[in-house]
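In: everything below, folded, please.
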Amino acid sequence: MKKITLTLCLALAGLILHAQEDTSQAYDQYNKWSIELSGGLHKPTTPYADGYFIRGASPFQGSLGVRYMFNEKFGIRTVLGYTNIDEDNGEGSLPFESTYYRGTLEGVVNMGNVLDFSDWTDTFGLLIHAGAGYSRLDFKAPNDNLDAENLANISVGITPQIKISERVAFNVDVTMLGNVGLQRTWDGTAPIVEANRKFDDGLLYNFSAGLTVYLGKNDRHADWFSMEDARESKIEELENRLAKIETDLIDTDQDGVPDYLDREPNTMSGVAVNTKGIAVDKNENGIPDEIESSLDQRYVNEEDYVRNTGGGLDVKSLLDKGYVNVYFRFNSTTPETYSLEAINYLATYMKENPSANAELIGYADEIGDPTYNKNLSEKRAAKVKEILVASGISGNRLTVTGNGEDTSVEKGSAPARQLVRRVTFKLK
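Out: The predicted structure is shown next:
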């Protein structure tokens, strides 16, 4: 038991150290890079020169983004965008065309993980992003000779996501771009008069839909990774590993060798075993060496054989005098394997002598309650009877007696107690 306890403690310590060593690895097994491609509509707000305008959202704008997540909640991305601004959705407007380019560096927050969306879904996600960058506004028509305007932009947006697979997600996005330094109207035909400048001059709204492609060797991207789920999964894994260790270390026959290493898991109690759990039996006679000398006191030796005038063995005397017994493990009604020969000995005799009857007398050692032990001794005798009947002996020829505790041996000696846990025979 001390050996098993020590082994279990060492195994637990190993699991804990291993868990501490690979915690960062286990909780960091997600992809961090992604590419985002989207496009859709745009809506520039003011300013416009007289006669120029856009009603509602117009095509076309598109963007390409590369995102890196520091962890499952926070990341950074860079976006390159293109917007074609004209009067297509401005019926009645004078014709114009401008082209808007931007590059933006943004911080990204995965609100899906911040708000624990994983508690109720593994399909829907939500990102918010904000940042700043550089923009360029080129005027194409009606004044294509104007210099392009170089602007600073500030962006704020929200991106709902739907996971299609572990590698692809569908996203929609709404982004507001504020452009600082705008000097002319979107159509380029008039300068902005400072006295008439409005707080929303230069705002550009983008409405996009697109795909996010996740890069990396791991199965899952940070967008869909839950730290809490990872912890629970790790705990479950450790519990399963610990349960396996506990199962492996079960020692059914209590010989000091765990069952998963024990090649003889039903070794009788108290005998010495080797490292494979096999009872030491140097002379290979099928009887553990540790109890062989004690059994010699109960089993007949060759010099004790009594020859009758016919040249055979006086089997009746051997049975009646207690040379032939069936032995049991502690608190068990199942005969030891090596004792089955004793039952066969009696069965053979009774088959050869059809008129013979036998009394089966059970005993127990002194460990435990006397009343319990008396019942146990009777159950042992009944078990032997059951085997004899199954061997072809009529139950009417067999009687069962439980004599309870045999106090003839030293109670503190395990080998001696093994001798009295028995069923003996009396022929009639």
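
In: and the nearest residue to residue 64 once chain neighbours are set aside, helix, strand or coil?
Out: Nearest non-adjacent residue to residue 64, counting by CB to CB, 6 or more residues apart in numbering: residue 80, 5.1 Å away. Yep, even glycine has a C-beta here, placed from its N, CA and C like the rest. For residue 80, the assignment made with DSSP: H, G, I helix; E, B strand; the rest coil gives strand.

In: and residue 80, how far from residue 35?
Out: 12 Å (CB to CB, to the nearest Å).

In: and residue 76, by the same measure?
Out: Distance from residue 76 to residue 35, by CB to CB: 14 Å.

In: just residue 259 next, same as before
Out: 54 Å.

In: ranges for the strands of the stretch 1-150 of the chain?
Out: Secondary structure of the stretch 1-150 of the chain (DSSP state E, counting those that start in this stretch): strands at 33-44, 58-69, 74-86, 97-110, 124-141, 149-163.

In: again with the stretch 201-350 of the chain
Out: Remark: strands assigned in the stretch 201-350 of the chain by DSSP E, counting those that start in this stretch are 203-215, 325-327.

In: mean pLDDT, distance to residue 147 and mean neighbour count for the ones you listed - can I get that in CSV?
Out: Putting those into CSV (pLDDT from 0 to 100; distance: least, CB to CB, whole Å; neighbours: other CB atoms under 10 Å) gives the following:
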stretch, mean pLDDT, distance to residue 147, mean neighbour count
strand 203-215, 97, 20, 18
strand 325-327, 93, 109, 22
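
In: got JSON lines for the strands of the stretch 1-150 of the chain, with mean neighbour count and distance to residue 278 too?
Out: Shown next, in JSON lines, are the strands of the stretch 1-150 of the chain (neighbours: other CB atoms under 10 Å; distance: least, CB to CB, whole Å):
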{"stretch": "strand 33-44", "mean neighbour count": "19", "distance to residue 278": "58"}
{"stretch": "strand 58-69", "mean neighbour count": "19", "distance to residue 278": "57"}
{"stretch": "strand 74-86", "mean neighbour count": "19", "distance to residue 278": "60"}
{"stretch": "strand 97-110", "mean neighbour count": "19", "distance to residue 278": "59"}
{"stretch": "strand 124-141", "mean neighbour count": "18", "distance to residue 278": "59"}
{"stretch": "strand 149-163", "mean neighbour count": "18", "distance to residue 278": "56"}
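
In: of all the ones you listed, which one is nearest residue 235?
Out: Judged by CB to CB, the one of the strands of the stretch 1-150 of the chain that comes nearest to residue 235 is strand 97-110, at 23.3 Å.

In: which strands and helices sit next to the closest one?
Out: strand 58-69, strand 74-86, strand 124-141, strand 149-163 (3 or more CB pairs under 8 Å, 6 or more residues apart in numbering; DSSP states H and E).

In: can I get it as PDB, trimmed to CA atoms?
Out: What follows is strand 97-110, C-alpha atoms only, in PDB (Å, rounded to 0.1, in the frame of the first residue of the first chain):
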ATOM      1  CA  GLU A  97     -16.200  61.700 -59.600                       C
ATOM      2  CA  SER A  98     -13.600  61.500 -56.900                       C
ATOM      3  CA  THR A  99     -11.500  58.600 -55.700                       C
ATOM      4  CA  TYR A 100     -10.700  58.100 -52.000                       C
ATOM      5  CA  TYR A 101      -7.900  55.900 -50.800                       C
ATOM      6  CA  ARG A 102      -7.000  55.100 -47.200                       C
ATOM      7  CA  GLY A 103      -4.600  53.200 -45.000                       C
ATOM      8  CA  THR A 104      -5.600  52.700 -41.400                       C
ATOM      9  CA  LEU A 105      -4.000  51.100 -38.300                       C
ATOM     10  CA  GLU A 106      -6.600  50.000 -35.800                       C
ATOM     11  CA  GLY A 107      -7.000  48.300 -32.500                       C
ATOM     12  CA  VAL A 108      -9.500  45.400 -32.400                       C
ATOM     13  CA  VAL A 109     -11.600  44.100 -29.500                       C
ATOM     14  CA  ASN A 110     -13.200  40.800 -29.700                       C
END
